[in-house]
Each structure stands twice: as structure tokens, then as C-alpha cells.
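1. Turn this into a structure:
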Amino acid sequence: MELERMQRRRRFRRPVFSRLTWAWLSAFVITVTIGGFVIRDAMNGGGVARIALPVDEIETVARVAEVHRKNGPLATVPALRDGDSSAPAEETTDMLASGDAFGQDEDNSLTLIYPGLDDPFGDDEYSGDDYSGDEIVITITGNDKPAAQPQLASLGPMVQPIPDPDAALMRQTALGQIPKISPDGRKAVEYYAKPFDGGHSTPKIALIIGGLGLNSAITERAIDDLPPEVSLSFAPYAKDLEFWTEKARNAGHEVLIELPMEGYGGNQQALGAASLLTSRTPQENLQRMDWLMSRFGGYFAATNYMGAKISADEASIVPILKKLKEAGVGYVDDTGAAKQYAIGLGLPITTVTGIIPAAASEEDRSKVRRELAKLERIAEQDGRAVGKTYAYATTIDEIVEWSRRLEEKGLTAAPASALLQTSAVAR
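-> Modelled structure (predicted):
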């Protein structure tokens, strides 16, 4: 019996591995594990890929600082940050900017010129330049999961983000999704407005920075450096608008969409193919409104870019204002002409009381300071003031410094949405 038990134990004894065998097994397991991670990243789009995109399938806007004129030699577009306005006036019509295009008015003031684009509405005179399909190569990095945002300790107040676009507040048109009033009555003008405690009696000043999205460096500075109470307005012809406006909302800024509108004098083609003009029928302007309003979501209001002429033309401006009201969107007007029509329609509107100059250099900084001081006086007298400007580095620098001293002067920075009104007596 004893012999039989010993033979049985010997028969079922576990195999004995040598150290070399264990080393080989460990190496095999490690190799398989690393290989699995590599295969997973490859399947999920990780690593770096270079994708050549045909230009005729994407927007041909926000280009490099040197572009070809349609029928002439290479023209240099002025830079947004240095404010160079050396380009001849007759060339500004054909300039297609990388977010840096500014023209020069007769009074030597700098005027933002929207870049051209292929006209989605069939007007050949607004067509942009031709490009080959080999011009753009995009490098894509990372995988399909966004990196986690680092959580940093802050001694300042916590910023409350503006909500992301809500599908219930959007409707589909032939040219894209635009805002609408939701079935439960919610409106973009309220849903995407920055929360503001207006209970205190201190005078309020709202500032709007326009022309954003055309220059990535300036846009990022405006989002990161300006106080969240400053409202940010984005140009419709800029690219990556969903990215930039989401970044702005996450930083606590409420956002607006700019409507290129006909002013007095100048070449209206500089406003781009989607501009709103008195020479167009209301139906043609409203079709362009569908395209403009579909550029991105999450904005509480629209604002004019230029627009003094069309804003004073009742037959042209009233259909535009009606469309904004039906969409549940507010309006910020810097011409002073649209308010009489908007109030009659019950459209939430505020009128700009001061235009802050776009400072192209440190020498112009004193002009910004002077206009901000005027806004302070208006606010002290009327209890409210609304300023508007366009994105320049020096202008942003001065507004950042000015905002730090505002509270000690007995004034309150307010988002533009807090100063909207729907009746002639409202403040």
C-alpha cells in the first residue's frame, strides 16, 4: 500500500520549472501585454497621422498672411497684432485674411475686413480664390478620448461655465442648425447668458470684444486673460468656431455671433458672401441669416459688424430682427438705429454707448484708456454703460488692467446679457 501511494504521488506531482524557463515565460507575458496596448491605440486612432484634405471640401478661410490677388501679384495682408495698415485701399477687397486682415478708412482708422469665401448662395462676384487639393496637410495626434483637464487650486472665485449647446434649442435648416425657442419655452438669450446678480445698486459696465476666431493667438489671449464678465463676439467666417466658443464658454464667457451688415461707404464685398445688404431682398438676407446663425451654437445674442446703413433701413432691418426674436436670441447694436424697431418687436436688445478703439500698438494704449474712462462716466450718470471693441493685443492688455481697478472705483463689471432690455423704459 505504501509503495502504491508513493507511485501515485510521483505520477501527479507538479512540474518543476527552471529559472530560465520562468524568465522566458515572463518575457513572453510582457511582450504580449505591450503589443496589446499598441494594437488598441492603433485601433482607437492613437499616435500621429497625417491626412491630406482636398481644399474644395473644406472652408477656404483664415489663410496665411500672404495671399494671391485674383488678377494680380502677391499681396501682403496686414497683421492683426501689429496693426499694420500699409496695404493700398483698392487691395482690401481681395484680401483673404488669416484672421489678420484690416483695411484703412479714409479717416485713417483701422477697419476689420472679413475674409472672402466661396459664396454658398451662388453670387459669383463674392467667390474666393481657387486652390489645389494639395495645399493643406493636417497632423492629428492622440486618441479618441480627450485628455483629462488638470484640476488646479485657485485662490480666486470659481468660474461657472456657460452651458453647452442644447439640442432642444436648435432647429435644422437647409444651411445648418440655428437657434429656436424650445417646446418648454426656454430661449438662448436666457439659457446661454452668464449668471449675474444685478441686485446691488452700483453702476454696471459691460464690455464686448469682437472679431474673435480670426486670429488664434489673440482669441486665446482674450479667452484666458479677460475677466469672465467680458462678453466675446466671434466672426462668422473664422474657422474652428465650435472649438473656440466651447473654450470661451468653459472659461465663463458668454458668446455672441457677429452679423456682417451694410454700412455707409466702402466696398460691401469686403463684408463677404453672407453679408446682409439693403440691395438684397428680405428673403435673400434671411437665407444668409440661416448660414450665419448656424456657424456655432451656444450664443445668447447676435451683434452687428458694421451695419449703420441697413440698421436705419426699416424694410431691411425689421425682418432680421424678427428672425432673431423668433430664434430666442438677443441683439447688441452699436449703430443706435436698430433699437426703435427692436423695442417695438419685443426683441431683447442693448445699445452700445461707447466704442473702444482697437489699439494696434503701445502708442495707442492711451486712446483705449481715455474711452474706458468715458464709459465710467456714462455708467456713473446713467447707472449702466456698454462698450464694444475689436481684438488687439494692446487693447486686451489695457482692459485687463482697467478691470482690476473697477471695483475700487465703485463700479461693477457686468456681462452684456445683464443689460439687455425689451422696453423703452427698462434699464
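
2. And A167, how close does it get to R404?
-> Counting by C-beta to C-beta, to the nearest Å, the separation of A167 from R404 is 39 Å. In short, each C-beta sits where N, CA and C put it, glycine included.

3. and what of Q269?
-> Q269 is 42 Å from R404, where distance means C-beta to C-beta.

4. Give me the neighbour count for S26.
-> Here the count is done by other C-beta atoms under 10 Å, and S26 has 10 residues near it.

5. Spell out which residues sit in contact with K325, please.
-> 345-347 (C-beta atoms under 8 Å, 6 or more residues apart in numbering).

6. same thing with G387?
-> By C-beta under 8 Å, 6+ apart, the residues touching G387 are 205-208, 352-356, 371-372, 375.

7. try Q268
-> Here Q268 is in contact with 262, 275, 277 (criterion: C-beta under 8 Å, 6+ apart).

8. Pop out the phi and psi values for the last one.
-> Listed backbone geometry of L277 is phi -130, psi 150, with angles given as degrees, to the nearest 10.

9. Check the gap between it and L259 for me.
-> Per C-beta to C-beta, L277 is found 12 Å from L259.

10. Between the two, point out the one with more neighbours.
-> The neighbour count for L277 versus L259, taken as other C-beta under 10 Å, is higher for L259 (25 against 18).

11. so where does that one fall, helix or strand?
-> strand 255-261 (DSSP states H and E).

12. Run through the neighbouring helices and strands of that strand.
-> strand 204-212, strand 231-234, helix 241-250, helix 282-293, strand 301-306 (3 or more C-beta pairs under 8 Å, 6 or more residues apart in numbering; DSSP states H and E).

13. Now do the contacts for the closest residue to G328 other than its chain neighbours.
-> Using C-beta to C-beta, 6 or more residues apart in numbering and skipping the chain neighbours, the partner closest in space to G328 is K187 (3.3 Å). Shown in contact with K187 (C-beta under 8 Å, 6+ apart): 169, 181, 328-329.

14. same question, T350
-> Here T350 is in contact with 206, 330-333, 386, 416, 419-421 (criterion: C-beta under 8 Å, 6+ apart).

15. Any regions of the stretch 301-427 of the chain where pLDDT drops low?
-> Residues of the stretch 301-427 of the chain meeting the criterion pLDDT under 70: 423-427.

16. Give me the number of neighbouring residues for the spatially closest residue to K247 that is not a sequence neighbour.
-> Sequence neighbours aside, I223 is the residue nearest to K247 in space, at 5.6 Å (criterion: C-beta to C-beta, 6+ apart). Close neighbours of I223, defined as other C-beta under 10 Å, add up to 23.

17. From F300, how far off is I223?
-> In terms of C-beta to C-beta, I223 sits 16 Å off from F300.

18. tell me the mean pLDDT for the host helix or strand of the residue nearest to K247?
-> Taking DSSP H and E as the criterion, I223 maps to helix 216-225. Across helix 216-225, pLDDT averages out at 97.

19. Give me the neighbour count for G252.
-> G252: 20 surrounding residues under other C-beta under 10 Å.

20. same check, this time on A217
-> By other C-beta under 10 Å, 13 other residues sit near A217.

21. ok, residues contacting the helix holding I223?
-> Contacts of helix 216-225 (C-beta under 8 Å, 6+ apart): 80-81, 99, 209, 212-213, 230, 232, 240, 244, 247-248, 251, 253, 391-393, 396, 400.

22. ok, now stretch 283-296?
-> 120-121, 173-179, 234, 236, 241-242, 245, 255, 257, 259-260, 274-277, 280, 302, 316, 319-320, 323, 327, 329.

23. Narrow the residues you listed to those that are buried.
-> Buried by 16 or more other C-beta atoms under 10 Å: 175, 177-179, 234, 236, 241, 245, 255, 257, 259-260, 274-277, 280, 302, 316, 319-320, 323, 327, 329, out of the contacts of stretch 283-296.

24. Filter the contacts of K325 down to just the ones in helices.
-> Of the positions in the contacts of K325, L345 sit in helices, assigned by DSSP state H.

25. Are any of the contacts of K325 buried, and if so which?
-> So, by 16+ other C-beta under 10 Å, the buried ones in the contacts of K325 are L347.

26. So F196 versus I378, what's the distance?
-> 19 Å.

27. same question but for R171, I mixed them up
-> Separation of R171 from I378 (C-beta to C-beta): 38 Å.

28. Please identify which of the two sits among more neighbours.
-> Under the neighbour definition other C-beta under 10 Å, R171 and I378 were set side by side, and I378 has more, 18 against 13.

29. does that one really touch A385, like I thought?
-> Yes: contact criterion C-beta atoms under 8 Å: I378 and A385 qualify, at 4.1 Å.

30. Identify the contacts common to these two.
-> Applying C-beta under 8 Å, 6+ apart, one finds that I378 and A385 are jointly contacted by 353-354.

31. where exactly do the helices run in the stretch 301-427 of the chain?
-> 308-311, 314-327, 339-345, 365-382, 393-404 (DSSP state H, counting those that start in this stretch).

32. and these as TSV, adding distance to E284?
-> Formatted as TSV, the helices of the stretch 301-427 of the chain follow (distance: least, C-beta to C-beta, whole Å):
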stretch	distance to E284
helix 308-311	12
helix 314-327	10
helix 339-345	19
helix 365-382	36
helix 393-404	35
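
33. Can you say which of these is nearest to P161?
-> helix 393-404 (19.7 Å; C-beta to C-beta).

34. ok, residues contacting the closest one?
-> Counting by C-beta under 8 Å, 6+ apart, 81, 207, 209, 218, 221-222, 225-227, 229-230, 356-362, 364-365, 368-369, 372, 389, 413 sit against helix 393-404.

35. Buried members of those residues into ChimeraX, please.
-> Typed into ChimeraX, the line below selects the buried ones among those, using 16+ other C-beta under 10 Å:
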select :81,207,209,218,221,222,226,227,229,230,356,357,358,359,360,364,365,368,372,389,413
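
36. returning to what we had before: Q269 and R404: who's more crowded?
-> Neighbour tally, Q269 and R404, criterion other C-beta under 10 Å: the higher count belongs to Q269, 17 against 10.
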